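Engineer: Any chance you can model this:
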Amino acid sequence: MPGPLGWSGISSALSRRRCRESPEGKIAAGARRRRSEQFQCGGRGRSTADISKVLDPRLISYGAGGILTVYLLAYFFVVRLVRDDRKRGAIIQIIYRSNFVILGVPLVENIYGPEAVNMPLMLVTIIPPLYNVLAVFTLEKFRGGRMDWRHILRGVVTNPMILGALIGGLVKLLPFPLPEFLAKALKEMAVGTTPLSLIVLGASFNFESAVGELRLLLACIFSRLVLAPAVFVAGAVLCGFRGLELATLMCVTITPCAVASYTMAQQMDSDGELTGNCVVFTSALSCVTMFLWIFCVKALGLI
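Structural biologist: Numbers count the residues shown, from 1 in each chain. Just a heads-up that it's a prediction; the model follows:
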């Protein structure tokens, strides 16, 4: 028997279906389709009906390079300004790691329509694995306060998130699809992981610790929601990205701190409390900052 949230989802799905089947819904869908065929991607008209048509090495290169740039800048300044190793690893991860898969992809879809979703999905194959590798490297580095390359590489290779990403990539290379029942079960499990993480995070939230570290918390929130996107988006604009390409890159970095950051910080003896507080507050405040980023970039005629 579905609970309240289940009935809400069913009702929402039925409403969307009725809307699509109505004359007004069909007209709106046709207009969205025509707009998606006309948008410009970095000065080149491009249809996104097929992912092979949006495979852009330049976009992938900038996405990975931009994340690495933000990471290196965060590493440089955090190591010089923060003395506690447990906090160093946590803060670096907070600054560079965003919730791109959960929030960034739907943002692009809302801006350009469902036909445009292949471009951010192309980056999904690159950005999350890069996030995980950098997180394991950083947290292992500051776990013991010394550089032990063998220990760090072992942590990277055996990290469950990286192993999961590798297994998922190998499954995609199979010459046959997964059985429908197995694919459906895995999809349902994936859908439940983020809400479950947020529930656990909310249950462990400590308001007193947030107040006790208020200045550091505010600095982390500002860096995650303002400074990191400013560096990333400014670089993308200077490199000539416009339209859907710029929107995709922007949504990589304007989203809040990833929920997985909290899990990894706890598992790897980093400052889980600070990370959890940042996930909570950036998730709440990003409703405002994401709107402002999109509004400003759109007002400048860049998307």
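Engineer: neighbours around Leu218, how many?
Structural biologist: 11 (other C-beta atoms under 10 Å). For glycine as for every other residue, the C-beta is placed from the backbone atoms N, C-alpha and C.
Engineer: what about it, distance to Phe291?
Structural biologist: Distance of Leu218 to Phe291, given as C-beta to C-beta, to the nearest Å: 20 Å.
Engineer: Tell me how many other residues surround Leu153.
Structural biologist: 13.
Engineer: Which strands or helices does the helix or strand hosting Lys184 pack on?
Structural biologist: Take DSSP states H and E as the rule and Lys184 turns out to sit in helix 180-203. Helix 180-203 sits against helix 259-267, helix 272-299, with contacts defined as 3 or more C-beta pairs under 8 Å, 6 or more residues apart in numbering; DSSP states H and E.
Engineer: who touches that helix?
Structural biologist: Ile102, Pro177, Leu178, Val259, Ala260, Tyr262, Thr263, Gly276, Val279, Val280, Ser283 (C-beta atoms under 8 Å, 6 or more residues apart in numbering).
Engineer: ok, so of the residues you listed, who is nearest Gly212?
Structural biologist: Gly276 (13.8 Å; C-beta to C-beta).
Engineer: Spatially central residue for the protein, please.
Structural biologist: Residue closest to the average C-alpha location in the chain (C-alpha atoms, centre = their mean): Phe100, at 1.5 Å.
Engineer: I'd like to know how far it sits from Leu121.
Structural biologist: From Phe100 to Leu121 the distance is 11 Å (C-beta to C-beta).
Engineer: Measure how buried Val191 is and give me the count.
Structural biologist: 10.
Engineer: What ranges in the stretch 1-150 of the chain fall below the confidence cut-off?
Structural biologist: Along the stretch 1-150 of the chain, segments meeting pLDDT under 70 span 1-54, 144-148.
Engineer: what ranges do the strands span in it?
Structural biologist: 40-41, 44-45 (DSSP state E, counting those that start in this stretch).
Engineer: Okay, angle between the helix holding Lys184 and helix 272-299 too, please.
Structural biologist: Helix 180-203 and helix 272-299 meet at an angle of 110 degrees, taking axes from the mean of the first three to the mean of the last three C-alpha atoms, to 10 degrees as the criterion.
Engineer: Which is the succeeding secondary structure element to helix 180-203?
Structural biologist: Next along the chain after helix 180-203, with elements defined by DSSP H and E, is helix 207-212.
Engineer: Next SSE downstream of that following helix?
Structural biologist: Heading C-terminal from helix 207-212 (DSSP H and E), you reach helix 214-222.
Engineer: Could you name the helices and strands sitting against that following helix?
Structural biologist: Under the contact rule (3+ C-beta pairs under 8 Å, 6+ apart), helix 214-222 is packed against helix 85-96, helix 272-299.
Engineer: 6 Å - rerun?
Structural biologist: Secondary-structure packing of helix 214-222 (3 or more C-beta pairs under 6 Å, 6 or more residues apart in numbering; DSSP states H and E): helix 272-299.
Engineer: mind listing what's buried in the helix it packs on?
Structural biologist: Of all the residues in helix 272-299, those buried under the rule 16 or more other C-beta atoms under 10 Å are 272-283, 286, 289-290, 293-294, 297.
Engineer: Over to stretch 79-92?
Structural biologist: Val82, Asp85, Arg86, Lys87, Arg88, Gly89, Ala90, Ile91, Ile92.
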